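Visitor: give me coordinates for this.
(2 chains)
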Amino acid sequence: MKNRRHIDLLVLLLISVVVVSASAAIYYTMNAQSTATVSQAAVYFIDGGDSSGILTLGTNNTYARLNLNAYPNVTLYYDQAVNITANAAKQIRLNPVSVTPNNSPSVANFTSIVFRLIRSDGSEVGTLSYTTTGNSWTIPSATSYVSIGAGEKLAIKVEIKAAAGAKSGVSTTMVIAVDVR
Amino acid sequence: MSGLAAELMPEFFLFLGVDFFVALSLLTCIMDYFRRGVPYLYEAAAIFGYVNLLMSREFMSAWGEYMRFAYSFMYLALALANIIGINAYLLISKNLWSQAKVFAGAVTFPTILISAFFFSLYGKDTSQLFTAALLSGAMVLGVGIAFLVSPETIKKHLGRG
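Guide: Numbering: from 1, shown residues only, chains lettered A, B, ... in the order given. Just a heads-up that it's a prediction; the model follows:
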């Protein structure tokens, strides 16, 4: 009877060691393997009130291209050049990536280009102000992160001004990233 | 703390359940109050948990995280219910107060504490997880006690026997 109990214990102990080790190994491999699942971007661009004719949205609305006009010695406002929305609560910021051309005589044709991030109640939550000094653009630093709720729309307002006596046909390209966290 | 929580997968509860069943199997084997088949039954339950873990790995991408959490937690709740059931069996059916107290202090309470600790680390949507935990815990506890305690014992302890 006693021997039978000892044999039982030994058998159970051996099975236990195997089961626990195998379970630990499987859990480890599950933890080690990484999966990448494609899903809709949490933050994306949508048309704004002034987007007609100036906005081109990329596939999945994760890219927006604005073709804006500038007039000499006149500030032109696009109150809602493009809107940003989210399907989950996130934080976003505007982050300057590049300006071309820069350090070029054509830059002097512009005075300033300002991008403002505006909430639906009209409050401004971030600003990127590009200004020119001679032939160079002064590139601003990224805005602070601001919260955006699910379904909330934030407008990007653009104020653009060309220098007095600016030549027509001169253009500049600015790339701005919308960082999401 | 949040870094550790992010690394914890729902299958951790399965793994914890497997460990508890294995411990139960060995404990019921060394205690004299159980039939010979009981430890093997718990060992089979541990193997079932291992198979569950295996299945979970294979169908990881197909099953959502909530479903994975649900069945993993159910399995852990089943293991905990059996531990509590064994404790109740020693206390009520066998009238072994001192052994039941030792079992409660050495096994039941630590296992519940360990489970609660890891659950608190994993918990993301607290209300949802607590609802699932309470429901499954209450259900499995009820089933476990019903299986282990005979109606005669209940009647006797209620003073009707």
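Visitor: C-alpha from now on. contacts and neighbour counts both.
Guide: Will do.
Visitor: what pLDDT does the closest residue in space to A:Ile54 that isn't next to it in sequence get?
Guide: Of all residues not flanking A:Ile54 in the chain, A:Asn67 sits nearest, at 4.9 Å (CA to CA, 6 or more residues apart in numbering or on different chains). With respect to pLDDT, A:Asn67 scores 92.
Visitor: mind checking the pLDDT average for the helix or strand harbouring B:Leu134?
Guide: Using DSSP states H and E, B:Leu134 falls within helix B:126-148. Average pLDDT, helix B:126-148: 65.
Visitor: and chain A, what are its domains?
Guide: Domains of chain A are assigned by automatic domain parsing as A:1-36, A:43-180.
Visitor: picking up where we left off before, where's the residue nearest to A:Ile54 relative to A:Ile15, distance?
Guide: Separation of A:Asn67 from A:Ile15 (CA to CA, to the nearest Å): 70 Å.
Visitor: so between those two, which is more surrounded?
Guide: Shown here are A:Asn67 and A:Ile15; by other CA atoms under 10 Å in any protein chain shown, A:Ile15 has more neighbours (18 against 12).
Visitor: so where's the chain shaky on pLDDT?
Guide: If you meant another chain, say so; for now it's chain A. A:1-2, A:33-36 (pLDDT under 70).
Visitor: looking at chain B here, not the other one
Guide: In chain B, residues with pLDDT under 70: B:1-7, B:123-133, B:135-136, B:139-141, B:143-161.
Visitor: in it, which spans are helices?
Guide: B:2-7, B:12-30, B:37-58, B:65-88, B:97-103, B:109-122, B:126-148, B:151-157 (DSSP state H).
Visitor: would you list those in a markdown table and tack on mean neighbour count?
Guide: What follows is those, written out as a markdown table (neighbours: other CA atoms under 10 Å in any protein chain shown):
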| stretch | mean neighbour count |
| --- | --- |
| helix B:2-7 | 11 |
| helix B:12-30 | 24 |
| helix B:37-58 | 20 |
| helix B:65-88 | 22 |
| helix B:97-103 | 15 |
| helix B:109-122 | 15 |
| helix B:126-148 | 16 |
| helix B:151-157 | 13 |
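Visitor: export those helices to a markdown table and tack on distance to chain A?
Guide: Putting these into a markdown table (distance: least, CA to the nearest CA, whole Å) gives the following:
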| stretch | distance to chain A |
| --- | --- |
| helix B:2-7 | 8 |
| helix B:12-30 | 6 |
| helix B:37-58 | 6 |
| helix B:65-88 | 12 |
| helix B:97-103 | 19 |
| helix B:109-122 | 14 |
| helix B:126-148 | 18 |
| helix B:151-157 | 28 |
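Visitor: nearest to B:Gly49, of the domains of chain A?
Guide: Across those, B:Gly49 has its closest neighbour in domain A:1-36 (8.4 Å, CA to CA).
Visitor: for the closest one, buried residues please.
Guide: Along domain A:1-36, these residues count as buried under the neighbour rule (16 or more other CA atoms under 10 Å in any protein chain shown): A:8-9, A:12-13, A:15-16, A:19-20, A:22-24, A:26-27, A:30.
Visitor: many thanks, have a good one.
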